[in-house]
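S.K.: Need coordinates for the below:
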Amino acid sequence: MRMRKLLPLLLLALFIGVVQLITHFKPEAAVRDKPPVPVITVETEQLLPRDYRVVLNSFGRVQPRTEGELVAQVSGQIMDISPNFRDGGFFEAGETLVTIDPRDYRIQVDIAAAELANAKVNLEEQLALADQARKDREILNKRGLASDYALRKPQVAAARSQIDAAQAKLAQAQLAVERTRIKAPYAGRILSRSVDRGVVVSSNQALARIYATDRVEVKLPLKNSELGYVDLPENYRNQAVGGDSLPSVTIINNLGPQPEQWQARLVRTAGAIDEQSQQLYVTAQIENPYLADQDGRRQLKIGQYVTAQIQGRVIKDAIVIPNSAIYQGSYVYLIDQGLLQRTGIEVVWQNGEESLIGSGLKAGDQLVLTPLGQVSSGTPVKQVAADKTARTPVENLTGRSVDASALN
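M.R.: Sure thing, here's the model as predicted:
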C-alpha cells in the first residue's frame, strides 16, 4: 500500500531527471554567418550637358524648279529640229530647237514694208498740200483766223497715224518671222517631245515639255512634332530669305552601288499643312545637279526617290544618353551612394544611337550603361567608369521626335 503511494513520486522524479539530463547534454547548433549579398559590377557614365544638334529625317522625289511647255506661237510646217530636240536632250539658253516654215511670214513682212512706204509717201503729199495752203493764204492776204481743215492739219495727222499703223504691222510681221525659230528660254533638258520634222502645228500648240537644269528641288514632309526643331524659311513679304541662314539639307542619292550625298538648302515651305497627311511640306533646293561628272557623282534624275537629313536647331545644355541605357522607353538606372536606383525619364528626341532627355536626369548623375534587365532599386553595385572611346558621340544622326514642347 505504501509502495503504491510512492510510485507517482518516483515517476515524477524520474521524468525530471531525464529532462535535466537531455538539457545538459543537448547538441549545440553551429553558428553560421549570413551569406554575403552579391555585388553587381556595372559601367557608369557621368552625365554632362552639351550642345546637341537635332537632324530631321525625311524623304521625297526630285523635281525641276522651273518646268513648262515649249509652245509654238505661230502655225506652219516644221522644217527643221535641233539634234538636242529629243527626250532627255540637253540644250542651252537661246538655242533654236524647232524651225517652222517662215515663207508665208516673210511675205507678210514684204507687204507691211510696202504699206509703210506708201504711208510715208502719203504723209509727204499731205505736208506739201498743207504748206501750199499756208502760202496761198499769205498771197491772198487773208485776214482772220484760218481753220485747221483749211490748213490741212487733220489730213497731216491722219497721214502720220497711217505711218504708225504701217510700222506696227511691219514689226508684227517681223516678229512672226522671228517666232518661226522657236528658241530655248533657258538652259535645260527635254522631258518629253510631241512633234517631229514635217508636222504641221498650230499657234499655241505644245511641242515639248522642258525644264531648267540650273537647280532641282525636293519636297520633304515634316511632322507637326518636328516643326519645333528646325528654323523654317518663312520670312514675311519683303524680308529677305537666303544665304547661309537657310537650314542645310543633305540629300542622299541611293541609286547605284554606293549612296552619294548632295548638299541643299531649305528655301521655302508650303502655304498650309497638308489636309490628308497633316504634315508640312518644305522644299530643299540643289544647285547645279547636272555638274556631277566633275566630281564623279552620278547625276540626279527627275522623279527619283531620295532621302534627306535636315539640319535642325542646336539644343543648348542638352542631356543625351545612349539608347541602350533606356528600358522600355521610360526609365534608366542610376548609382546613388553605391546603390542602384531606378529613375523614370522623358525622351523628347531619339535617333538610332542616342536619346535627348527632357526630364528625369540632371548633370552629374551616374548613369548605368551595363544592360541589367529587371533589377530592384537599392541593389548594391560596384561602379566602373565606362570606356568612352568605345562609344563615339553621335550628334548628327537622323531621328524621331517625341515631344518638342518638352524642351521649351
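S.K.: counting contacts, what elements does the longest helix seen in the chain pack onto?
M.R.: When the chain is parsed with DSSP state H, its longest helix is helix 103-140. Secondary-structure packing of helix 103-140 (3 or more CB pairs under 8 Å, 6 or more residues apart in numbering; DSSP states H and E): helix 153-179. All C-beta spots, glycine's among them, are computed from the backbone N, C-alpha and C.
S.K.: Pull out the buried positions in the helix it packs on.
M.R.: Of the residues in helix 153-179, 155-156, 159, 162-163, 166-167, 169-170, 173-174, 176-177, 179 count as buried by neighbour count, 16 or more other CB atoms under 10 Å.
S.K.: and Gly198, that's in a helix?
M.R.: No: counting by DSSP: H, G, I helix; E, B strand; the rest coil, Gly198 is not part of a helix but coil.
S.K.: can you count the residues close to it?
M.R.: 9 (other CB atoms under 10 Å).
S.K.: which residue sits closest to it in space, ignoring its chain neighbours?
M.R.: Spatially, and ignoring its direct neighbours in sequence, Gly198 is nearest to Ile78 (6.3 Å; CB to CB, 6 or more residues apart in numbering).
S.K.: so the one you found touches Val201, yeah?
M.R.: Yes: taking contacts as CB atoms under 8 Å, Ile78 lies within contact range of Val201: 6.4 Å.
S.K.: Now for the two: what residues contact both?
M.R.: By the contact definition CB atoms under 8 Å, 6 or more residues apart in numbering, Ile78 and Val201 are jointly contacted by 100, 195.
S.K.: Any idea what the most centrally placed residue in the chain is bridged to?
M.R.: By CA atoms, centre = their mean, the mean C-alpha position of the chain lies nearest to Ala284, the distance being 3.8 Å. On the basis of DSSP bridges, Ala284 is bridged to Val218, Leu266.
S.K.: In contact with it, which residues are there?
M.R.: Contact partners of Ala284, counting by CB under 8 Å, 6+ apart, are 60, 217-218, 220, 249, 251, 264-267, 308, 310.
S.K.: what's the closest of those residues to Ala93?
M.R.: Glu217 (19.8 Å; CB to CB).
S.K.: Do me a favour and average the pLDDT over the helix or strand where Met79 lies.
M.R.: Met79 belongs to strand 76-81 when assigned by DSSP states H and E. Strand 76-81 comes out with an average pLDDT of 96.
S.K.: Please apply the same query to stretch 97-104.
M.R.: pLDDT averaged over stretch 97-104 gives 96.
S.K.: Just give me how far it sits from the chain centre.
M.R.: Distance, stretch centre to chain centre, for stretch 97-104: 43 Å (CA atoms, centre = their mean, to the nearest Å).
S.K.: Over to stretch 108-119?
M.R.: Averaged C-alpha coordinates place stretch 108-119 at 57 Å from its chain's average position (CA atoms, centre = their mean).
S.K.: buried set for it?
M.R.: 108-109, 112, 115-116, 119.
S.K.: quick revisit: drop anything exposed from the contacts of Ala284.
M.R.: 60, 217-218, 220, 249, 251, 264-267, 308, 310.
S.K.: What pLDDT does the model give Gly60?
M.R.: Note on Gly60: pLDDT of 96.
S.K.: With the flanking residues excluded, which residue is spatially nearest to it?
M.R.: Val218 (4.3 Å).
S.K.: Surely the one you found is in contact with Thr250?
M.R.: No: Val218 lies out of contact with Thr250 (CB under 8 Å); the separation is 11.2 Å.
S.K.: Overlap in contacts, these two.
M.R.: When CB under 8 Å, 6+ apart defines a contact, the residues bordering Val218 and Thr250 alike are 264, 308.
S.K.: Just name whatever secondary elements the host helix or strand of Ala208 is in contact with.
M.R.: Mapping Ala208 onto the secondary structure by DSSP H and E places it in strand 206-212. Packing partners of strand 206-212 (3+ CB pairs under 8 Å, 6+ apart): strand 67-71, strand 96-100, strand 188-193.
S.K.: One more pass at 7 Å, please.
M.R.: strand 67-71, strand 188-193 (3 or more CB pairs under 7 Å, 6 or more residues apart in numbering; DSSP states H and E).
S.K.: just checking, what packs against the strand holding Met79?
M.R.: strand 96-100, strand 200-201.
S.K.: that older thread, so which of the helices and strands packed on strand 206-212 gets nearest Ala325?
M.R.: Nearest to Ala325 among the helices and strands packed on strand 206-212 is strand 67-71 (49.5 Å), distances taken as CB to CB.
S.K.: quick one on the thing from earlier: tell me the contacts of the residue nearest to Gly60?
M.R.: Going by CB atoms under 7 Å, 6 or more residues apart in numbering, Val218 touches 60-62, 251, 284, 306, 308.
S.K.: swap in Pro49?
M.R.: Contact analysis of Pro49 by CB under 7 Å, 6+ apart lists 317-319, 363.
S.K.: again, 6 Å this time
M.R.: Applying CB atoms under 6 Å, 6 or more residues apart in numbering, we find Pro49 in contact with 317, 363.
S.K.: how many other residues sit next to Asp387?
M.R.: Asp387: 10 surrounding residues under other CB under 10 Å.
S.K.: re the thing from before, nearest to Leu339, of the contacts of Val218?
M.R.: For the contacts of Val218, the nearest to Leu339 is Ala308 (46.0 Å; CB to CB).
S.K.: Once you drop chain neighbours, what's closest to the closest one?
M.R.: Distances taken as CB to CB, 6+ apart put Ser58 closest to Ala308, at 4.8 Å, once the chain neighbours are dropped.
S.K.: what's the helix or strand for the one you found?
M.R.: Secondary structure assigned from DSSP H and E places Ser58 in strand 50-64.
S.K.: Ile40 touches Val384, doesn't it?
M.R.: No: between Ile40 and Val384 there is no contact under CB atoms under 6 Å: 10.6 Å.
S.K.: What are the structural domain limits within the chain?
M.R.: 41-52+315-407, 58-65+214-311, 71-211 (automatic domain parsing).
S.K.: Dump those domains into CSV; add distance to Gln20 as well.
M.R.: Formatted as CSV, the domains of the chain follow (distance: least, CB to CB, whole Å):
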stretch, distance to Gln20
domain 41-52+315-407, 48
domain 58-65+214-311, 84
domain 71-211, 114
